[in-house]
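[1] A predicted structure for the sequence below; I have some questions about it.
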Protein chains: 2
Amino acid sequence: MVRAAVALFASRAYDGISVDELVSHLGVHRNSLYKTFGSKRGLYLAALRWCLKQEVPSLIAEIGEAENVAAAMQRCLTTGTAGAGMDLLLLAAAERAPVDREVAIEVTRALDSLDEAVGRCRTGKEAAGIMRSPTGFTATLLGLRLRVRAAALTAGPATPTLQHGPHPS
Amino acid sequence: MVRAAVALFASRAYDGISVDELVSHLGVHRNSLYKTFGSKRGLYLAALRWCLKQEVPSLIAEIGEAENVAAAMQRCLTTGTAGAGMDLLLLAAAERAPVDREVAIEVTRALDSLDEAVGRCRTGKEAAGIMRSPTGFTATLLGLRLRVRAAALTAGPATPTLQHGPHPS
DNA sequence: GAGTTTTAGGAATGATTATTCTTGACTGTT
DNA sequence: AACAGTCAAGAATAATCATTCCTAAAACTC
């Protein structure tokens, strides 16, 4: 159930998802939603936390197994659940974190974990060009995913998952 | 007037800004808003287009005058109106572009212009490490600004404009 | 200075929102 | 079989949303 909520909250902005849409797509019905999570925001926070708890270690593992920074980026952008997970992180950072302190805390904690993983990784010091800190890796990751999402509507809905990858070869 | 709309739309998500808030912060009153722009979305598009038309050349100029890629990044992140302008671009890309095709077209055009400027710049080929295409520069730029915004609420409102710059020295 | 057109200001409107309440069906216990 | 409690399903509620309409004031023309 939370997984379906993650997919919905990752697709559009928080205010663009109505409770009616949640209960119809989640199978669960209105009363249980409020009984279990208290409010729409409660469900959102639960979805965000569940998503980050499983997404951040997954991304860290991908980074650790990559042989260089470019490969790590590629892995992060193409790993299985990265689509919905990273989109939710992206939306949370862009539109909820500035107005919801708990979301901000959750988001910064996740991003800091990623930074630390990049710094610990043996490929961390390879990022010497423009990204002098591991923050740059995380920022580039989010920025690339952002561009893919932003361009999705311009070329028809038949666009595959990734098109603007960092290295086409 | 459009400038004030840019500042508002850059601060929160599109659905989080009500028309009441717009007319009270813009000085102009409801009737003229609908007479001039037709709808809330019309005003949003006008604000986005006005903002991009003046922001993108400004960023391109900053990139062109920088002596290396790191300096270009620093310039882009600290230039005068970059705050509101880049925040609006960021929010438009994250939450409006996936659901509004005209916004998507506007955003991708702006980002592609930035890419082209980076590629033409004499410092473009310096980005050899992880960003093998100029797209990486733009992505990192957006990602860094995204992190600053996301972390703004975690450490109290007294945080200065930039804290997570790419190189603290 | 009178008449006409525009403009401001705010009160309706109708739709949609998140949340709660009521009603009816189902389950477990004795 | 009878009763207590849980749960689903949707109707009601109160607020807010974007948008339109109406009335009065102001500005411009002649």
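    Now that the structure is in, tell me what you want to look at.
[2] For chain A, which residues are neighbours of DNA strand D?
    A:29, A:30, A:31, A:32, A:35 (Cβ under 7 Å from any atom of the strand). (C-beta placed from N, C-alpha, C; glycine too.)
[3] could you redo the last one with a cut-off of 10 Å?
    A:15, A:19-20, A:23-24, A:27-36 (Cβ under 10 Å from any atom of the strand).
[4] Next, the contact list for residue A:99, please.
    B:12, B:16, B:153 (Cβ atoms under 8 Å, 6 or more residues apart in numbering or on different chains).
[5] Go through the residues of chain A next to DNA strand D and give me the one with the most neighbours.
    Within the residues of chain A next to DNA strand D, most neighbours by other Cβ atoms under 10 Å in any protein chain shown means residue A:33, with 20 neighbours.
[6] which secondary element of chain A has the worst mean pLDDT?
    Ranked by mean pLDDT, DSSP states H and E, the helix or strand of chain A with the weakest confidence is helix A:69-78, at a mean of 80.
[7] and that one, anywhere near chain B?
    Yes. Using Cβ under 8 Å from any Cβ of the partner chain, helix A:69-78 reaches chain B at A:69, A:70, A:73.
[8] measure the last one to residue A:145 for me?
    Here residue A:73 is placed at a distance of 11 Å from residue A:145 (Cβ to Cβ, to the nearest Å).
[9] Could you do the second one as well?
    Note on residue A:70: its distance to residue A:145, by Cβ to Cβ, is 16 Å.
[10] What of residue A:63?
    From residue A:63 to residue A:145 the distance is 15 Å (Cβ to Cβ).
[11] Could you measure from residue A:56 over to residue B:90?
    Computed with Cβ to Cβ, the distance linking residue A:56 and residue B:90 is 22 Å.
[12] higher neighbour count, these two?
    With neighbours defined as other Cβ under 10 Å, residue A:56 and residue B:90 compare such that residue B:90 has more, 24 against 19.
[13] these two touch, right, the more buried one and residue B:141?
    No. Taking contacts as Cβ atoms under 8 Å, residue B:90 lies outside contact range of residue B:141: 9.7 Å.
[14] secondary structure element for the residue nearest in space to the middle of chain A?
    For chain A, the residue nearest the mean C-alpha position is residue A:86 (1.8 Å; Cα atoms, centre = their mean). Secondary structure from DSSP states H and E places residue A:86 in helix A:82-91.
[15] Show only the entries of the residues of chain A next to DNA strand D found in helices.
    Of the positions in those, A:19, A:20, A:23, A:24, A:30, A:31, A:32, A:33, A:34, A:35, A:36 sit in helices, assigned by DSSP state H.
[16] quick one: low-confidence parts of chain A?
    Scanning chain A for pLDDT under 70 picks out the ranges A:80-82, A:122-132, A:156-169.
[17] Report the contact partners of the residue at the greatest distance from the centre of it.
    Going by Cα atoms, centre = their mean, the residue of chain A most distant from its centre is residue A:31, 28.8 Å out. Not one residue lies near residue A:31 by Cβ under 8 Å, 6+ apart.
[18] Tell me the secondary structure of residue A:67, please.
    State at residue A:67, reduced to three classes by DSSP: H, G, I helix; E, B strand; the rest coil: coil.
[19] Backbone dihedrals for it, both of them.
    Residue A:67 adopts backbone torsions of phi -90, psi -20, taken as degrees, to the nearest 10.
[20] same thing with residue A:17?
    Residue torsions, per degrees, to the nearest 10, at residue A:17 are phi -100, psi 120.
[21] Hmm, residue A:6 and it touching each other?
    No. Using Cβ under 8 Å as the test, residue A:17 is too far from residue A:6 to be in contact (11.4 Å).
[22] ok, these two, which is more surrounded?
    Legend: neighbour count by other Cβ under 10 Å for residue A:17 and residue A:6, higher for residue A:6 (24 against 20).
[23] Contacts for the one helix or strand the more buried one maps to next, please.
    If you go by DSSP H and E, residue A:6 is part of helix A:2-11. For helix A:2-11, the external contacting residues (Cβ under 8 Å, 6+ apart) are A:17, A:21-22, A:25-27, A:43-44, A:46-48, A:50-51, A:83-85, A:87-88, A:91, B:98.
[24] So for residue A:70 and residue A:145, which residue has more residues nearby?
    Between residue A:70 and residue A:145, counted using other Cβ under 10 Å, residue A:145 has the larger neighbour count: 23 against 20.
[25] Grab the nearest non-local neighbour of that one.
    residue A:86 (5.1 Å; Cβ to Cβ, 6 or more residues apart in numbering or on different chains).
[26] ok, now how distant is that neighbour from residue A:52?
    As judged by Cβ to Cβ, residue A:86 and residue A:52 stand 10 Å apart.
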